[in-house]
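Enquirer: kindly generate the corresponding structure for this input.
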Amino acid sequence: MPIVRDLSELPAAARGGAIAIGNFDGVHLGHLRIVHRLLERAREVNGPAIVFTFDPHPVRILRPAECPPPLTWTQRKAQLLAQEGVDKIVAYPTDEALLRLSAQEFFDQIVRSALQAKAMVEGPNFFFGHNREGTIDTLRAFTAAANISLDVVEPVELGGQLVSSSLIRRLVSEGDVAQAAEMLSAPYRIRGMVTHGAGRGAKLGFPTANLEAIDTLLPKLGVYAGRAWIHSQQFAAAIHLGPNPTFGEGATKVEVHLIGFDEPIYGQPLEIEFLARLRDIVSFESEIELVTQLEHDVAVARKLGA
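Expert: As a prediction, the model looks like this:
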């Protein structure tokens with residue numbers, strides 16, 4: 001799905017429908033509840049279902065030192081939302097002009113004029129406008145005056161916890177990618193560019209793709225079972241995230257062994273998702289011990305990633 005970044009380029013068919021505004025970082029179960037209600041309202045008003053998000057997150061502009069690494073990049077977010085049935089994604093460029101808009105100005109210029117919304121769907125903790133001055137109660141007053149319907153969707157609770165991007169971020173940081181996946185619309189995924197490594201994996205019988213330029217949150221260091229995508233093909237993968245103490249290397253690396261794939265892919269983008277954390281990073285006494293462990297890791301990863 002093409003992402004709209006300039007509202008002047010928004011086609012007429014993408015106006016006059018139902019909209020949901022927010023960051024949608026991770027596209028988790030709480031976001032899906034909003035999206036599903038959004039689709040219902042779009043059908044009722046006979047218009048498109050539009051998600052309006054921000055790129056980058058406003059906190060990155062306002063308080064960059066406090067901005068956590070994102071869970072999803074914009075194209076991935078749009079892909080996940082489109083799979084749920086959203087008609088158009090607006091990834092509005094976050095700049096000082098946008099952040100200076102008052103709540104009333106944001107509502108009038110974005111919601112009413114640019115998007116011509118007939119319905120809105122938001123969570124209870126929705127804020128908008130300069131200094132987050134607009135609350136969900138503010139939005140209720142604005143939408144009522146503009147004859148726009150407003151649905152406030154309650155958060156999703158799973159296992160006694162409210163599903164949120166911050167909770168998922170903590171789980172990923174702790175390496176609990178399996179529990180994070182239960183709260184996400186798809187297993188946690190990162191992307192990067194394949195670069196040249198030491199070539200040691202190939203010599204051991206387990207060639208790896210070394211990933212750099214990763215722009216989202218990295219899980220806790222360790223060995224993981226996952227999946228990888230290259231050339232639109234999916235492969236089970238064993239992922240090593242961390243240093244290589246067996247060979248005296250202390251730098252953190254992301255090394256991916258694509259099971260059943262052995263072609264040069266240097267300089268190409270690679271996406272990987274994490275299914276389960278298998279073990280910590282450890283130092284082995286010999287290459288034989290390392291290879292034995294790698295054989296076990298790959299067998300488990302092959303099974304989980306199939």
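Enquirer: so where do the strands sit in the stretch 1-150 of the chain?
Expert: Counting by DSSP state E, counting those that start in this stretch, one finds strands in the stretch 1-150 of the chain at the ranges 3-4, 18-21, 49-55, 88-93, 119-122, 149-152.
Enquirer: how about low-confidence regions in the protein?
Expert: Applying pLDDT under 70 to the chain flags residues 1.
Enquirer: swap the cut-off to 90 and go again
Expert: For the chain, applying pLDDT under 90 flags the ranges 1-2, 56-68, 96, 196-206, 230-232, 244-251, 262-264, 285-287, 306.
Enquirer: spatially central residue for it, please.
Expert: The residue lying closest to the centre of the chain (C-alpha atoms, centre = their mean) is residue 72, at 2.1 Å.
Enquirer: what's the most buried one of the strands of the stretch 1-150 of the chain?
Expert: Stretch with highest mean neighbour count among the strands of the stretch 1-150 of the chain: strand 18-21 (a mean of 27; mean count of other C-beta atoms under 10 Å). Bear in mind the C-beta positions are built from the backbone N, C-alpha and C, glycine included.
Enquirer: what does that one rub up against?
Expert: For strand 18-21, contacts defined as C-beta atoms under 8 Å, 6 or more residues apart in numbering pick out 34-35, 38-39, 41-42, 44-45, 47-53, 110-111, 115, 117-122, 126, 128.
Enquirer: rewinding a little: for the strands of the stretch 1-150 of the chain, which one sits closest to residue 173?
Expert: Among the strands of the stretch 1-150 of the chain, the nearest to residue 173 by C-beta to C-beta is strand 49-55 (22.8 Å).
Enquirer: which residues touch that closest one?
Expert: 5, 14, 17-24, 35, 38-39, 41-42, 74, 77, 81, 85-94, 98, 110, 115, 117.
Enquirer: buried residues in stretch 288-298, which are they?
Expert: By neighbour count on 16 or more other C-beta atoms under 10 Å, the buried set for stretch 288-298 is 290, 293, 294, 297, 298.
Enquirer: residue 117 reaches residue 149, doesn't it?
Expert: No. Counting by C-beta atoms under 8 Å, residue 149 is not a contact partner of residue 117; they are 9.2 Å apart.
Enquirer: what is the neighbour count of residue 11?
Expert: 9 (other C-beta atoms under 10 Å).
Enquirer: distance of it from residue 87?
Expert: 10 Å (C-beta to C-beta, to the nearest Å).
Enquirer: same check, this time on residue 198
Expert: Look at residue 198 and residue 87: by C-beta to C-beta, they are 47 Å apart.
Enquirer: for the two, indicate the residue with more neighbours.
Expert: More crowded of residue 198 and residue 87, by other C-beta under 10 Å: residue 87, with 19 against 14.
Enquirer: hmm, back to that, in this structure the residue nearest to the centre of the chain contacts residue 79, no?
Expert: No. Between residue 72 and residue 79 there is no contact under C-beta under 8 Å: 9.1 Å.
Enquirer: nearest spatial neighbour of residue 87, skipping sequence neighbours?
Expert: Residue nearest to residue 87 in three dimensions, not counting chain neighbours: residue 48, with 4.0 Å by C-beta to C-beta, 6 or more residues apart in numbering.
Enquirer: does that neighbour touch residue 10 like I think?
Expert: No. Taking contacts as C-beta under 8 Å, residue 48 lies outside contact range of residue 10: 10.0 Å.
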